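**Q** what's the 3D shape of this:
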Amino acid sequence: MNNHDIPRQKSEAELKVDALLEKLKTLDIDLEHETDDQEQLKPSERIESIYNVWLAIKDRLNNPETALDVGSGFGYGVAVLDTKNIKTIGIENVPAKNKQALALFDQLDVALNEIDEIDFENSPAIMEAEFDQLDQEEVADLITMFYLSQELITKPETFEICQKLLKKDGQMVLATEADRASVEQIIASGAINLPAGLSYEIIDLPGNFEQTIILLNKN
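**A** The predicted model follows:
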């Protein structure tokens, strides 16, 4: 038999994501009244998009053990990173979304803790907080922002805070539905203020809902 005819065995993490997506199809959870962003109301599509982002960047990452998912919303990013055995804390300032995240994880049979300070020993967890008020230093290997908010990344202090929160050689993953040309235009306009010590590359993910990724490295 030709080796190409032998189906590749899926990794444990891939099987976890498959199980997560299958379980999501059976859930009865009403997110309708908690957001104006109708795309957020489709957990399986959102999680699949985030997982595709992960597949696109995983070989470029420095084996992160801890992550902060900023603007975590209903916890989709936390769910995906948890399947990778990365200790993850979601940072979200909207109480209703945190409440819905807890309900979603409960139905997925995944323990999700509520915490009031960054403590990765309690992961996976969500923390209700304003991102620009976080004052810890060098606590995370990775910061993720899925379904990127332009308002957040154009705040001058955002990347300064990220740089402070990241450990040495830490990385950021920003994923957006905007196309590459739009992302490059925003960067060229100076709307994104990257401090010295952060380098970046842009990665295309055609066909995915989040079709453009910005990977930043703390030098």
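**Q** from here on, contacts and neighbour counts on C-alpha atoms
**A** OK.
**Q** ok, which stretches of the chain are helices?
**A** Ranges of helices within the chain are 12-24, 43-57, 76-83, 95-107, 150-153, 158-165, 180-188, based on DSSP state H.
**Q** Could you list every helix and strand in contact with the longest one?
**A** By that I understand helix 43-57. With contacts taken as 3 or more Cα pairs under 8 Å, 6 or more residues apart in numbering; DSSP states H and E, helix 43-57 sits against helix 12-24, helix 76-83.
**Q** thinking again about what came up before, hey, which of the helices of the chain is tucked in deepest?
**A** Stretch with highest mean neighbour count among those: helix 76-83 (a mean of 24; mean count of other Cα atoms under 10 Å).
**Q** what angle separates that helix from helix 12-24?
**A** Orientation check (axes from the mean of the first three to the mean of the last three Cα atoms, to 10 degrees): helix 76-83 against helix 12-24 gives 140 degrees.
**Q** From the contact counts, what lies against helix 76-83?
**A** Applying 3+ Cα pairs under 8 Å, 6+ apart, one finds that helix 76-83 contacts helix 12-24, helix 43-57, strand 87-92.
**Q** pLDDT on the second one, on average?
**A** When you say that, I think you mean helix 43-57. Per-region confidence: helix 43-57 scores 90 on mean pLDDT.
**Q** hang on, the earlier thing: any idea which of the helices of the chain scores lowest on pLDDT?
**A** The lowest average pLDDT among these, as it happens, falls on helix 12-24, at a mean of 72.
**Q** Which elements pack onto that one?
**A** Judged by 3+ Cα pairs under 8 Å, 6+ apart, the packing partners of helix 12-24 are helix 43-57, helix 76-83.
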